[in-house]
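[1] Sequence and computational prediction follow.
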Amino acid sequence: MPWTNQGNGGPWGPRGSNGGNGGTGDDDGGSWGRRGPGGGPQGPDIEDLLRRGQDRIRGFLPGNFGGKGISLVLLILLALWLGSGFYTIAPEEQGVVLRFGEFYKTTQPGLNYHFPYPIETVIKVAVLTVRRVEIGFRTGSERTRTPTRNIDDESLMLTGDENIIDVNFVVQWALKDAAAFTFNIRNSAQTVKDAAESAMREVIGRSNIAAALAEERERVANDTQDLLQGVLDDYETGILVTELLLQRADPPPAVIESYRDVQRAKADQERLINEADAFKNRVVPEANGQAAQLRAEAEAYKEQVVARAEGAAQRFIAVYDVYSGAREVTKERIYLETMEDVFRDMNKVIIDTGQSGPGVVPYLPLPEIQKRATTRETAGER
């Protein structure tokens, strides 16, 4: 129910007097209150403030506006003030709500409400937007016609085997905690760049130049991303590293040609080693197969010879047994068998030495002699 200021009283009754001044407002406290019994300052006079505000509003309104009209205006203003607390958060954003300047809560995408200013304020933070930081180089601009340039102070790093390497890489990052990002860091891009450069220098310092340039580039990038994320989490930055791209890792320009010559020599070495391994893989199985075949043939030959020797021994024993029973007959048989073996492949002339004659007839090979003479004459005519 609206109230009226009758008799200079507030909604809680008439004001008291101080030293006979009554409700004139000329007390020692001035417009912001009165002094207490001990002479010290007293809190603001709420009734006086409301009265002054009411008087000012009445001054802006027509003369026929009474207490109800003023109350209606106040209600409308209050409704507008409360209605200003509605706000929307985009899908890629989060809202950080401050109550009297201190963090209160985080709100998600959609329609939300907070007590209007000056009680609460909202800071909208784009958490899903992927940001990009370049370390070791700066990309050129077509609009300003500036080329991509290398930043030696950032790109030159020392490897674990005391070689210098020129590294360019890109860090892409988003947010995982809008409140921590809002309150815990001041320059987010510079923070990410400094932390990424430090992490890359540490990982490169633990690696040799061959691993950093070719063999373990992916491992270097992954280790750097993990180390960078750990540093950012330790400082509670609210930043999430989504990807670390190793754009270039080369020796410095002054020695890059010499390094490439060394790499070509190593490539030739690897090629020759691979060819030798291929030859070995082809020849060794063949040699093993031939060796196995020779061993099998030798085993078969051994069994054959042993069997033959055992058979000969058995035959000799059998002959000896027969010889022991009939020595003369056995000698004659062995002699004849031996002569048969000796004369089997020889030209033989058999002479019968019977009683009818000497058994030998003189023979003059006239055809052969005549043939030889004819051959000589023919050779002489030539």
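    Now that the structure is in, tell me what you want to look at. Numbers count the residues shown, from 1 in each chain.
[2] List the buried residues of stretch 99-110.
    104, 106-107 (16 or more other C-beta atoms under 10 Å). Where C-beta positions appear, they are placed from N, C-alpha and C, glycine not excepted.
[3] I'd like to know which of those is nearest to residue 200.
    Comparing those against residue 200 with C-beta to C-beta picks out residue 106 as the nearest, at 32.0 Å.
[4] give me the beta-bridge partners of that closest one?
    Going by DSSP bridges, residue 106 is paired in beta bridges with residue 96.
[5] so who does it touch?
    Each residue near residue 106 by C-beta atoms under 8 Å, 6 or more residues apart in numbering is listed here: 94-97, 178-179.
[6] Next, give phi and psi for residue 299.
    Dihedral pair for residue 299: phi -70, psi -40, per degrees, to the nearest 10.
[7] To clarify, my last question referred to residue 163.
    Main-chain torsions, residue 163, degrees, to the nearest 10: phi -120, psi 150.
[8] still on that earlier bit, closest one of the buried residues of stretch 99-110 to residue 243?
    Of all the buried residues of stretch 99-110, residue 243 sits closest to residue 106, with 25.0 Å by C-beta to C-beta.
[9] ok, back up a step: mind putting the buried residues of stretch 99-110 into TSV with pLDDT and distance to residue 277?
    Converted to TSV, the buried residues of stretch 99-110 look like this (pLDDT from 0 to 100; distance: C-beta to C-beta, whole Å):
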residue	pLDDT	distance to residue 277
104	70	69
106	74	61
107	75	65
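[10] would you turn those residues into JSON lines with distance to residue 321?
    What follows is those, written out as JSON lines (distance: C-beta to C-beta, whole Å):
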{"residue": "104", "distance to residue 321": "123"}
{"residue": "106", "distance to residue 321": "116"}
{"residue": "107", "distance to residue 321": "120"}
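[11] any idea which of the residues you listed is closest to residue 78?
    Among those, and counting by C-beta to C-beta, the member closest to residue 78 is residue 104, at 22.0 Å.
[12] How much space separates that closest one from residue 79?
    From residue 104 across to residue 79, the span is 23 Å (C-beta to C-beta, to the nearest Å).
[13] next one: residue 253
    Distance, residue 253 to residue 79, using C-beta to C-beta: 70 Å.
[14] what's the answer for residue 171, then?
    For residue 171, the distance to residue 79 equals 49 Å [C-beta to C-beta].
[15] neighbour-wise, which of the two wins?
    Shown here are residue 171 and residue 79; by other C-beta atoms under 10 Å, residue 171 has more neighbours (26 against 10).
[16] Make sure the more buried one is indeed in a strand.
    Yes: secondary structure of residue 171, determined by DSSP: H, G, I helix; E, B strand; the rest coil: located in a strand.
[17] tell me the contacts of it?
    Going by C-beta under 8 Å, 6+ apart, the list of residues near residue 171 reads 132-133, 135, 192-193, 196, 228, 241, 243-244.
[18] hmm, try it at 6 Å
    By C-beta atoms under 6 Å, 6 or more residues apart in numbering, the contact list for residue 171 reads 133, 192, 196, 244.
[19] Keep only those of those that are in helices.
    192, 196 (DSSP state H).
[20] could you dump the contacts of residue 171 to JSON lines with neighbour count and distance to residue 309?
    Listed next are those as JSON lines, based on neighbours: other C-beta atoms under 10 Å; distance: C-beta to C-beta, whole Å:
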{"residue": "133", "neighbour count": "20", "distance to residue 309": "90"}
{"residue": "192", "neighbour count": "24", "distance to residue 309": "91"}
{"residue": "196", "neighbour count": "27", "distance to residue 309": "86"}
{"residue": "244", "neighbour count": "24", "distance to residue 309": "81"}
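[21] number of nearby residues for residue 160?
    14.
[22] swap that for residue 212, please
    The tally of other residues near residue 212 (other C-beta under 10 Å) stands at 26.
[23] So it belongs to a strand, correct?
    No: using three-state DSSP, the secondary structure at residue 212 is helix, not a strand.
[24] Show the model's pLDDT score for it.
    Per-residue confidence (pLDDT) for residue 212: 78.
[25] dump the residue contacts of it.
    For residue 212, the contacting residues are 159, 165, 204, 220, 249, by C-beta under 6 Å, 6+ apart.
[26] Just give me the neighbour total for the first one.
    Translated: residue 159. 19.
[27] what comes into contact with stretch 83-97?
    Contacts of stretch 83-97 (C-beta under 6 Å, 6+ apart): 104-107, 109, 111-116, 120, 122-129, 178-179, 182.
[28] What distance do you get for the residue lying closest to residue 118 once chain neighbours are set aside to residue 223?
    Nearest non-adjacent residue to residue 118, counting by C-beta to C-beta, 6 or more residues apart in numbering: residue 100, 7.8 Å away. Distance from residue 100 to residue 223, counting by C-beta to C-beta: 44 Å.
[29] go on, residue 369?
    Going from residue 369 to residue 223 by C-beta to C-beta gives 108 Å.
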